[in-house]
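[1] Attaching a predicted model along with its sequence, questions to come.
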Amino acid sequence: MVTQPGWSPPEIDLRQPSAARVYDCYLGGSHNFEVDRQLAREAIELWPDLPHIMQANRAFLRRAVRFLVGSGVTQFIDIGSGIPTGGNVHEVAQREDPASRVVYVDRDPVAVAHSRAILAGNEHTAVVDADLRDAGRILGDDAARAMIDFERPVAVLLFAVLHFVPDDDDPAAAVAELGTHLVPGSCLVISHATSDSRPALAAALQQLYNRSATPMTMRTAAQVAELFGEFELVPPGLVWLPQWRPDPGEPVEAEPERMAGYAGVGRKT
């Protein structure tokens with residue numbers, strides 16, 4: 001018998017791990033279940049660098065958002081945003097420019113419920129319950145349209161989410177569909193897991209995630225680059241997570257490929 005916590009939406013299946021909740025485990029969050037913690041423990045035992053990789057992804061998020069605000073882009077749609085934790089997009093963006101607006105999008109009921117609870121009262125944020133493969137639902141949502149002015153540049157953020165979209169579902173087409181609704185000057189941010197640096201570990205991790213509701217599909221550098229489509233990569237291009245515009249004085253990662261993830265920012269011309 002698994003007890004349903006009071007903070008959990010009733011429709012949650014407590015018997016199957018969720019990528020969003022497992023990610024919450026890696027980051028030390030508390031909105032996860034034993035089934036998620038068990039998968040996280042097995043994954044970390046298999047690949048001890050995983051928590052460090054997740055932290056590198058969050059650090060890339062912070063750097064990318066600061067870069068975008070500094071470039072004049074202050075509207076964000078964070079798709080696959082996950083369960084709220086410290087250093088969310090709105091916190092980073094609104095620290096740089098209090099007028100920044102953020103729409104969080106996720107399909108995990110726990111992520112959606114907690115995002116709405118935490119963001120209540122923040123007039124420059126909204127939460128949409130949708131899958132990234134449904135551009136019409138995301139961009140046509142009343143809350144999203146009230147928050148975002150699509151006649152101005154928008155940044156679509158896809159942090160560590162596209163590797164949960166299988167090839168059969170054509171992630172490149174899903175990204176391209178989102179891009180058709182954005183004006184020139186809009187940006188696309190992607191971080192994506194890869195097997196390029198640790199093929200054996202990556203294969204074992206993918207096998208482990210096959211037990212979850214969201215199996216993984218790791219991709220090569222060339223495959224990740226293709227996901228940007230018409231968006232032109234800004235310098236330094238597609239690089240390992242720690243290599244994307246590290247902050248001044250930030251320790252240099254001696255083996256950036258250990259982070260097993262690519263990062264890039266593209267701009268629509």
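    Perfect, I can see it now. Numbering: from 1, shown residues only.
[2] all strands of the protein, in order?
    75-79, 101-106, 125-129, 155-159, 187-193, 232-233, 239-240, 261-267 (DSSP state E).
[3] Make a markdown table out of the ones you listed and add mean neighbour count and distance to Asp169.
    In this view, the C-beta of every residue, glycine as well, is placed from N, C-alpha and C. As requested, the strands of the chain are arranged in a markdown table below (neighbours: other CB atoms under 10 Å; distance: least, CB to CB, whole Å):
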| stretch | mean neighbour count | distance to Asp169 |
| --- | --- | --- |
| strand 75-79 | 26 | 14 |
| strand 101-106 | 27 | 16 |
| strand 125-129 | 23 | 19 |
| strand 155-159 | 26 | 14 |
| strand 187-193 | 25 | 15 |
| strand 232-233 | 14 | 24 |
| strand 239-240 | 20 | 26 |
| strand 261-267 | 25 | 20 |
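[4] Determine which of those approaches Phe67 most closely.
    Judged by CB to CB, the one of these that comes nearest to Phe67 is strand 261-267, at 6.9 Å.
[5] which residues are contacting the closest one?
    Judged by CB atoms under 8 Å, 6 or more residues apart in numbering, the contacts made with strand 261-267 from elsewhere in the structure are 53, 56-57, 60, 64, 67-68, 160, 185-194, 221, 224-225, 228, 231-234, 237-241, 243-244.
[6] Could you do stretch 69-76 as well?
    In contact with stretch 69-76 (CB under 8 Å, 6+ apart) are residues 65, 68, 89-90, 93, 96-97, 99-103, 147-149, 152-155, 157, 185-187.
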